[in-house]
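Student: Using only what follows, build the 3D model:
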Amino acid sequence: MFEANEILVMAMLASFIALIFTGYPVAWLLAGISVFFSVGAIMLSQYVDVDTYFLTDWRIFGVIVQRIYAQMTNWVLVALPMFIFMGLMLDRSGVAERLMLSFIKLFGRFRGGLGVAVVTIGILLAASTGIVGASVVLLAMLSIPVMLEQKYSPAFASGVVASAGTLGILIPPSIMLIIMADQLSMSVGNLFMGALIPGVMLGLMYIAYVVIAAIVNPKLAQPPKDLPPITFGLIVEVLIAVIPPLGLILAVLGSIFFGIATPTEAAGVGALGATILAAMNKKLNMAVLKEVCQKTSLTTAFVFGIFLGATAFAVVLRSLGGDEFIAGLLQGIPLPPAGIVIVILLIGFVAGFFLDWLEISLILLPLVGPVVVGLGYDPIWFVVLFAMMLQTSFLTPPVGFSLFYLKGVVPPQITTRHIYLGVIPFIAIQLLAVAIVFVWEDLVLWLPTVMYG
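Tutor: You can find the predicted model right below:
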């Protein structure tokens, strides 16, 4: 038989899952459920033995306020608004447009070359923005009309753009990795280094699929016509277009990797660098600066709103013994440690169909992370593996945000069915990449070990 507090834990989780489908903002749902179950547990404790520490009286609300204050004063989270500003400003700088035009001239002559160009630019944007929505919309607006003009399959073109745009959530500097590091009290720099090789590997796997699919099925991607020949001047043009984002990547990631700056300080360098690039391309003016600042404030407020609700939810859940209850359920699975990790990853994959990565990172990861560490696995390896699995949440319906971003900007001839069919192969590639990292832990651990021993 379950004890009273265990029943409350299950009821809290079930209530959250059920209320998600009402369409109310997640931040308010988390906060409201926390208040409801706090009051309910306090009242219930007068009649039933609720085995808790904080919920025996109204002190639980003081604890919630203290935890929220501690969360909001965490210096690691200062990097979030600056990285968001960097991504949005880079989106306005015109760097991606120059890259796309140059790459089309260079790669467009090959079958599947436009797809290769899109994924390559997606990798560069991922390493310099980290904002999936901005990357997907920008790539779609720049490449989809050209790909359709060159007789690319609508589904194939949609899949390439949607998947390439999601690389920003994994390749550093990643907002998701910063939040995950904060939730598990880990080093952001170590996570960035651990995710770099798997993230680039996933991008290269996308490129390999695009090339192979275009060769095996020529109807997917037709080579364009009337392109100028490859000349030394064209190669120089491509190099000039690549240097600005590479310089920004080196300034941000290089300063972290070589110990010159903390991730928070590097975020400031990136924000300044993106602003300088916009000014150099004559795209910086007061209207652009105002728009970027407003969107940065809105995005940051959205993220921290969920932070507040998730912090209250976590305090109440843990006060009811939710950590021990979840750990007991997972450790009671009749599987070896590797099997338990696989079950956790599958739970994350299924949760991605209904929840955003932010809610999963703030609610599920703090519950399962300590269990995996207790099984003897390296936390950096697991968090990167978990992040790779959560990346699929951007592509899996019905709550695949990349699909919504894409549908909002593509031409009318690309339907929702085209988009869904197009992302299926890339979801399979993501799962394959997860399996590879699961088997070869050194893909994650080698770089942090070399840099910091």
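Student: Going by C-alpha atoms from here, please, whenever you check contacts or count neighbours.
Tutor: Noted.
Student: hang on, isn't Gly168 packed against Leu177?
Tutor: No - using Cα atoms under 8 Å as the test, Gly168 is too far from Leu177 to be in contact (10.7 Å).
Student: can you pull out the helices in the stretch 101-250 of the chain?
Tutor: 113-126, 132-149, 154-165, 175-183, 188-216, 232-249 (DSSP state H, counting those that start in this stretch).
Student: For Val9, see how far away the residue nearest the centre of the chain is.
Tutor: Taking Cα atoms, centre = their mean, the centroid of the chain lies closest to Ile169, which sits 2.9 Å from it. Going from Ile169 to Val9 by Cα to Cα, to the nearest Å gives 31 Å.
Student: and if you look at Gly348?
Tutor: Counting by Cα to Cα - Gly348 and Val9 are separated by 19 Å.
Student: Model confidence for Lys290, exactly?
Tutor: Among the per-residue scores, Lys290 shows a pLDDT of 92.
Student: Quickly find the element holding it.
Tutor: Assessed by DSSP states H and E, Lys290 sits inside helix 286-319.
Student: Give the buried residues for the helix or strand just after that helix.
Tutor: As assigned by DSSP H and E, the chain's next helix or strand after helix 286-319 is helix 322-331. Applying a neighbour-count criterion of 16 or more other Cα atoms under 10 Å, one finds 322-323, 325-327, 330-331 buried in helix 322-331.
Student: Gly168 and Leu177: who's more crowded?
Tutor: Taking other Cα atoms under 10 Å, Gly168 and Leu177 do not tie; Gly168 has more neighbours (31 against 25).
Student: Could you check how many residues crowd around the closest residue to the more buried one other than its chain neighbours?
Tutor: Closest residue to Gly168 apart from its sequence neighbours, by Cα to Cα, 6 or more residues apart in numbering: Ala126 at 3.7 Å. Residues near Ala126, counting by other Cα under 10 Å, number 28.
Student: Ok, which of the helices of the stretch 101-250 of the chain comes nearest Arg318?
Tutor: When the helices of the stretch 101-250 of the chain are compared by Cα to Cα, helix 175-183 sits nearest Arg318, at 14.0 Å.
Student: coming back round to it: what angle do the helix holding Lys290 and helix 175-183 make?
Tutor: 40 degrees (axes from the mean of the first three to the mean of the last three Cα atoms, to 10 degrees).
Student: could you say what helices and strands helix 286-319 packs with?
Tutor: Helix 286-319 sits against helix 26-44, helix 59-72, helix 79-92, helix 357-359, with contacts defined as 3 or more Cα pairs under 8 Å, 6 or more residues apart in numbering; DSSP states H and E.
Student: list the buried ones in it?
Tutor: Buried-residue list, helix 286-319, by 16+ other Cα under 10 Å: 288-289, 292-293, 296, 299-300, 303-319.
Student: Ok, stretch 149-165 next?
Tutor: Quick answer for stretch 149-165 (16+ other Cα under 10 Å): 150, 152-165.
Student: can you check stretch 369-381 too?
Tutor: Per 16+ other Cα under 10 Å, stretch 369-381 contains these buried residues: 369, 371-372, 377, 379-381.
Student: ok now stretch 245-265, how far from the chain's centre?
Tutor: Centroid displacement of stretch 245-265 relative to its chain, using Cα atoms, centre = their mean, to the nearest Å, is 19 Å.
Student: and what of stretch 431-442?
Tutor: Distance, centroid of stretch 431-442 to centroid of chain: 18 Å (Cα atoms, centre = their mean).
Student: average pLDDT for that stretch?
Tutor: Mean predicted lDDT for stretch 431-442 stands at 93.
Student: Name the residues that touch that stretch?
Tutor: 198, 201-202, 381, 385, 388-389, 443-444 (Cα atoms under 8 Å, 6 or more residues apart in numbering).
Student: got the CA coordinates for that stretch in PDB?
Tutor: Output of stretch 431-442 as PDB, limited to C-alpha atoms (Å, rounded to 0.1, in the frame of the first residue of the first chain):
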ATOM      1  CA  LEU A 431      18.000   8.600 -31.800                       C
ATOM      2  CA  LEU A 432      20.900   6.900 -33.600                       C
ATOM      3  CA  ALA A 433      23.200   9.700 -32.300                       C
ATOM      4  CA  VAL A 434      21.900   9.100 -28.700                       C
ATOM      5  CA  ALA A 435      22.600   5.400 -29.100                       C
ATOM      6  CA  ILE A 436      26.200   6.200 -30.300                       C
ATOM      7  CA  VAL A 437      26.900   8.500 -27.300                       C
ATOM      8  CA  PHE A 438      25.300   5.900 -25.000                       C
ATOM      9  CA  VAL A 439      27.800   3.300 -26.200                       C
ATOM     10  CA  TRP A 440      30.900   5.500 -26.500                       C
ATOM     11  CA  GLU A 441      31.000   7.700 -23.400                       C
ATOM     12  CA  ASP A 442      34.300   9.200 -24.400                       C
END
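Student: Need the buried residues of helix 322-331 in TSV (columns: distance to Ile260 and pLDDT).
Tutor: Formatted as TSV, these follow (distance: Cα to Cα, whole Å; pLDDT from 0 to 100):
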residue	distance to Ile260	pLDDT
Gly322	40	76
Asp323	37	74
Phe325	42	78
Ile326	40	80
Ala327	39	77
Leu330	41	81
Gln331	41	78
